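Asker: Return atomic coordinates for the entry below.
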Amino acid sequence: MIRSVLRPAVLVLAPFWLAGCVSEGGAAGEGAADAKRRADIRLELAHAYFADGKPAIALQEAEQALALDPQRADALGLRGLALQQLGESERAIHSLQRALKVSPGDPGLQNNLGWVLCESGQASQAIAWFDKALAQRSYGSPAKAAMNAGACSLKLGDARRAETYFKRALAAEPGLLAARASLARIAFDAGDYEGARAHLLPVIASAQASADDFLLAIRTERKLGDRTAEQSLATQWQRRLPDSPQRRAYQLGTTDER
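Answerer: Below is the predicted model of the structure:
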């Protein structure tokens, strides 16, 4: 009689025990999903603050995201960029290195680590990371890494290598005026004034032309002996950027091309 009473009890309790396991697993899954959702929100805020020029707040939000999910490579990467903007290069590099341990082949992270290294005075090491990013066919922004590599090459005093990178950026993004402006500067410094003019023409014609672009264009036309083109550029400069310090210096004759 005892066995006939106890056996059904065991059989009845077993399903409740199994049900408890499913419920706990479901609760754990829901908890993980909620943590991810909250981390996503924190990271979106971090990106927004960083884009708005508020790296300190971006860092706080990225830290909050990492508190919820310590292995998020994207959060570690953004944390590194924010730290770099705040002048904490060593911590920035460490954060990006951690990100790359989580996501070793991420070309965006490779590019960002290269940028931080270059900004921190480690240009030689930076170039290797830009090259790694550029070697990734899946990278959606090769022009960005090529531009960074070109700028970093100029810091190393290697204009020829920089020119190669800027041309690569232009090939990836033909409308990239920053690449044309950089190539114009290299051509001018090398005495290739026709080449400088060719690169500067679309830059000056755009709404993105800076005071430095106008000054270089005027210097180029002066070297080519085209006074009419020089005067036309000076008129455009006056109309579009009348208060730029470079223009005032040009008017006062404190540049070498007045």
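Asker: What is the burial count for Ala48?
Answerer: Burial measure for Ala48: 13 neighbouring residues, criterion other Cβ atoms under 10 Å. Bear in mind the C-beta positions are built from the backbone N, C-alpha and C, glycine included.
Asker: what helix or strand is it on?
Answerer: In the assignment (DSSP states H and E), Ala48 maps to helix 2-51.
Asker: Name the next helix or strand following that helix along the chain.
Answerer: Next element after helix 2-51 (DSSP H and E): helix 55-68.
Asker: For that next one, buried residues please.
Answerer: Using 16 or more other Cβ atoms under 10 Å as the test for burial, helix 55-68 gives Pro55, Ile57, Ala58, Leu59, Gln60, Glu61, Ala62, Gln64, Ala65, Leu66, Leu68.
Asker: Only alpha carbons, please: show it as PDB.
Answerer: Provided in PDB are the C-alpha atoms of helix 55-68 (Å, rounded to 0.1, in the frame of the first residue of the first chain):
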ATOM      1  CA  PRO A  55      32.800  62.200 -25.900                       C
ATOM      2  CA  ALA A  56      32.500  62.400 -22.100                       C
ATOM      3  CA  ILE A  57      28.800  61.500 -22.200                       C
ATOM      4  CA  ALA A  58      29.400  59.000 -24.900                       C
ATOM      5  CA  LEU A  59      31.900  57.300 -22.700                       C
ATOM      6  CA  GLN A  60      29.500  57.100 -19.800                       C
ATOM      7  CA  GLU A  61      26.800  55.500 -22.100                       C
ATOM      8  CA  ALA A  62      29.300  53.100 -23.600                       C
ATOM      9  CA  GLU A  63      30.400  52.100 -20.000                       C
ATOM     10  CA  GLN A  64      26.700  51.500 -19.200                       C
ATOM     11  CA  ALA A  65      26.400  49.200 -22.200                       C
ATOM     12  CA  LEU A  66      29.500  47.300 -21.200                       C
ATOM     13  CA  ALA A  67      28.200  46.800 -17.700                       C
ATOM     14  CA  LEU A  68      25.200  45.000 -19.200                       C
END
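Asker: Let me see the mean pLDDT of it.
Answerer: Averaged over helix 55-68, pLDDT sits at 95.
Asker: can you check stretch 223-231 too?
Answerer: 96.
Asker: what do you get for stretch 145-161?
Answerer: Averaged across stretch 145-161, pLDDT comes to 97.
Asker: In it, which residues are buried?
Answerer: The neighbour-count check on stretch 145-161 (16+ other Cβ under 10 Å) flags 145-154, 158-159, 161 as buried.
Asker: Please apply the same query to stretch 134-141.
Answerer: Leu134, Gln136, Tyr139.
Asker: now, which of those residues lie within helices?
Answerer: Among the buried residues of stretch 134-141, the ones falling in helices (DSSP state H) are Leu134.
Asker: Switch the buried residues of stretch 134-141 over to CSV; also include distance to Gly225 and pLDDT.
Answerer: Converted to CSV, these look like this (distance: Cβ to Cβ, whole Å; pLDDT from 0 to 100):
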residue, distance to Gly225, pLDDT
Leu134, 40, 97
Gln136, 46, 93
Tyr139, 44, 94
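Asker: Out of the buried residues of stretch 134-141, the closest to Leu215 would be?
Answerer: Using Cβ to Cβ, Leu134 comes nearest to Leu215 of the buried residues of stretch 134-141, at 31.3 Å.
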